[in-house]
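> Provided below for reference: sequence and predicted model.
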Amino acid sequence: MLGEAVSKIEHIAGVPLAREYARKTPKTLSRDLNAVAEMGLIEQSGRKVRSGKRAILAFLPSRAGSKK
């Protein structure tokens, strides 16, 4: 299961992050995913994880000429 999670992280975030988590326990990965979810940066539904687009978009600068 950890290998599958690391493989998914590698696909999404790149090799350096996957290598770091390959040295950690499943508990560490779970703890970190829960912390990121609490920040609203990801949304978890069962075993699926996706980006929390609203929270991420809040960090992007406004586009010139866009109306809010």
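Arrived safely, thanks for sending.
> Next, give phi and psi for the most centrally placed residue in the chain.
The structure's the chain has its C-alpha centroid closest to Ile42; by Cα atoms, centre = their mean the separation is 5.5 Å. With angles defined as degrees, to the nearest 10, Ile42 sits at phi -140, psi 160.
> Assess the claim that it and Lys53 are in contact.
No: in this structure Ile42 lies outside contact range of Lys53 using Cβ atoms under 8 Å: 10.0 Å. Placement of C-beta: from N, CA and C, glycine included.
> ok, which stretches of this structure are helices?
Counting by DSSP state H, the chain has these helices, from start to end: 2-13, 15-22, 26-38, 53-57.
> quick one: which of these has the weakest pLDDT on average?
Ranked by mean pLDDT, the helices of the chain bottom out at helix 2-13, which scores a mean of 57.
> Count the neighbours of Pro26 for me.
By the criterion of other Cβ atoms under 10 Å, Pro26 has 11 neighbours.
> how close does it get to Asp32?
Applying Cβ to Cβ, to the nearest Å, one obtains 11 Å for the distance of Pro26 from Asp32.
> And for Val49?
Relative to Asp32, Val49 is positioned 11 Å away (criterion: Cβ to Cβ).
> which one of those two has more residues nearby?
Neighbours were tallied for Val49 and for Asp32 using other Cβ under 10 Å; the higher tally belongs to Val49 (17 against 12).
> what sits against that one?
33, 37, 42-43 (Cβ atoms under 8 Å, 6 or more residues apart in numbering).
> Next: Gln44.
Taking Cβ under 8 Å, 6+ apart as the definition of contact, the neighbours of Gln44 are 33, 37.
> one step back: who wins on neighbours among the contacts of Val49?
Sorting those by how many neighbours each has (other Cβ under 10 Å) puts Ile42 first, at 17 neighbours.
> tell me the pLDDT at the residue nearest to the centre of the chain?
84.
> again with Ser66
In this model, Ser66 is scored at 61, pLDDT.
> which among the contacts of Val49 gets closest to Tyr21?
Of all the contacts of Val49, Tyr21 sits closest to Leu33, with 10.2 Å by Cβ to Cβ.
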